[in-house]
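Chemist: model this:
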Amino acid sequence: MKVFRINQQQAYELVAKIPPGTQLISAIKQKWEVVVIPSDPKFLSGRFPKTITKYVDDSQKKSAILRCLSEIYAASCEENFLAAIEQSGIACKPAHTFKFEGGTHRLLELKPNKKDRLYFYPARDGRKVIFLLMAFHKKDQQTPDEVSGPCEEEIKKILRSRGNFEFNEEKNVAKK
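Modeler: Numbers count the residues shown, from 1 in each chain. As a prediction, the model looks like this:
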């Protein structure tokens, strides 16, 4: 399965211009890799970059998603990623649970406010990898099918790959 490694600067640049002096976490310190799944060989073709463009369209939403990304990258430096996320001050909870190949799997959401969400899946199958799946601006309490359906399919792809990921780097991911 092909995935793109995404560093903190690249993730931030999907959302907004990075102000000078912003402290970024060195990839060397990360114990977990942060990746996105492309839909074709180009990085920006994946669901995560597309949902940033579609749903993160004003300063409040950008601020909320940047806060989520900041906490993801800070927690990626810890061995126990989920414990670090839970201590971050941003609510983290299962957004959708499903059964697949004899196990129960959870799509997780970071919830920085009442409406904005960042959906992700931490996988520990040989390597420690955090899959950024989707950004979304919710209108209801329940996770809508337009989020749970596509994210569940991507998690099933991740599980089917059994940790056999082909990591790629993208040098220029900033929005055009």
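Chemist: okay, CA-based contacts and neighbour counts for the rest of this
Modeler: Noted.
Chemist: So which residue is smack in the middle of this protein?
Modeler: Leu132 (1.9 Å; CA atoms, centre = their mean).
Chemist: What is the one helix or strand in the chain whose mean pLDDT sits lowest packed up against?
Modeler: Using mean pLDDT, DSSP states H and E, the weakest-scoring helix or strand in the chain turns out to be strand 166-169, at a mean of 73. Using 3 or more CA pairs under 8 Å, 6 or more residues apart in numbering; DSSP states H and E, the elements in contact with strand 166-169 are strand 2-5.
Chemist: Could you list the alpha-carbon positions for the strand it packs on in PDB?
Modeler: In PDB, the C-alpha atoms belonging to strand 2-5 read as follows (Å, rounded to 0.1, in the frame of the first residue of the first chain):
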ATOM      1  CA  LYS A   2       1.400   3.400  -1.000                       C
ATOM      2  CA  VAL A   3       1.400   6.100   1.600                       C
ATOM      3  CA  PHE A   4       3.000   9.600   1.800                       C
ATOM      4  CA  ARG A   5       5.000  10.600   4.800                       C
END
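Chemist: Can you give the strand pairings for that strand, parallel or anti for each?
Modeler: Here strand 2-5 is paired, per DSSP bridges, with strand 33-36 (antiparallel), strand 166-169 (parallel).
Chemist: Could you list the buried residues of the helix or strand following the first one?
Modeler: In the C-terminal direction, the helix or strand that comes right after strand 33-36 (DSSP states H and E) is helix 47-55. By neighbour count with 16 or more other CA atoms under 10 Å, helix 47-55 contains the buried residues Arg47, Phe48, Pro49, Thr51, Ile52, Tyr55.
Chemist: Now do the contacts for the last one.
Modeler: If I follow you right, that is Tyr55. Contacts for Tyr55 (CA atoms under 8 Å, 6 or more residues apart in numbering) come out as Ala135, Phe136, His137.
Chemist: do the same with the fourth one
Modeler: With CA under 8 Å, 6+ apart as the criterion, the residues that contact Thr51 are Met134, Ala135, Phe136.
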